[in-house]
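# Sharing a model that was predicted from the sequence below.
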Amino acid sequence: MEDGDAMRLNVGCGRHVLDGWVNVDVVRSPKASRDPEILAKATEIPLEDGCADELMAIHLFEHFYLWEAPQALAEWRRLLKPGGLLVLEMPDIVKCAQNLLKLIDRGDAKAINSMAMHGLYGDAGLQDPWMCHRWGWTPKTLEPFLKANGFTKIRTAPTQWHPIGKAHRDFRMEARKA
């Protein structure tokens, strides 16, 4: 990366190892087209303070227990430049619960799994402990949490990932490092 180029971090990239981003994950996904640039925990990324203009964590934050979430945000704040953009996308636990209640009477196991259970618990079919969800969020619970952990200009935005849950399961929040 040349001086003057914006550094964008894709933390918890999984199979989505993106060009133009510094991709970070704790393990290489067998479904990824290539290795991420950095293999590290999302809470211990070996980069300099204030190096990133943007940090994206798509379907990652729900994989932290509530007591681990401040450590993750502190690490991501450390990496972001002042005013840097944090982008989080994840299941909305309320939407997942509503989907479960709506779909349970239909008996459609595939829809229940994709629109409710995966959002609540992660994908058990992968038999991968990294894929377990440890806490549930909504925009109403995440916004004050981000504010309390040093972020400002917090807003919801349209989701861009996981087509199956885009409109009816997930949410996206964007915030700036204070």
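Yep, that arrived. Residues are numbered from 1 along each chain as shown.
# What pLDDT is listed against Gly107?
Gly107 carries a pLDDT value of 85.
# Pull out the buried positions in the longest strand along the chain.
In the chain, taking DSSP state E as the definition, the longest strand is strand 80-91. Within strand 80-91, the residues that count as buried by 16 or more other C-beta atoms under 10 Å are Leu80, Gly84, Leu85, Leu86, Val87, Leu88, Glu89, Met90, Pro91. Every C-beta, even on glycine, is put in place using the N, C-alpha and C of the backbone.
# Now the fifth one: closest residue in space, sequence neighbours ignored.
By that I understand Val87. Met56 (4.4 Å; C-beta to C-beta, 6 or more residues apart in numbering).
# ditto for the second one
Setting aside the residues directly before and after it, Gly84 is nearest to Lys177 in space (C-beta to C-beta, 6+ apart), at 4.7 Å.
# try the last one
Nearest non-adjacent residue to Pro91, counting by C-beta to C-beta, 6+ apart: Gly119, 3.2 Å away.
# On the three-state scheme, that neighbour is what?
Secondary structure assignment for Gly119 (DSSP: H, G, I helix; E, B strand; the rest coil): helix.
# all strands of the protein, in order?
Going by DSSP E, the chain shows strands at 8-11, 22-25, 38-39, 52-58, 80-91, 151-157, 170-177.
# and among the ones you listed, the most buried is which?
strand 8-11 (a mean of 26; mean count of other C-beta atoms under 10 Å).
# which other residues reach that one?
Under the contact criterion C-beta atoms under 8 Å, 6 or more residues apart in numbering, strand 8-11 has outside partners 16-18, 20-25, 36, 42, 45, 47, 52-58, 60, 76, 79.
# same thing but 7 Å
Outside strand 8-11, the residues within contact range by C-beta atoms under 7 Å, 6 or more residues apart in numbering are 18, 20-24, 42, 52-57, 60, 79.
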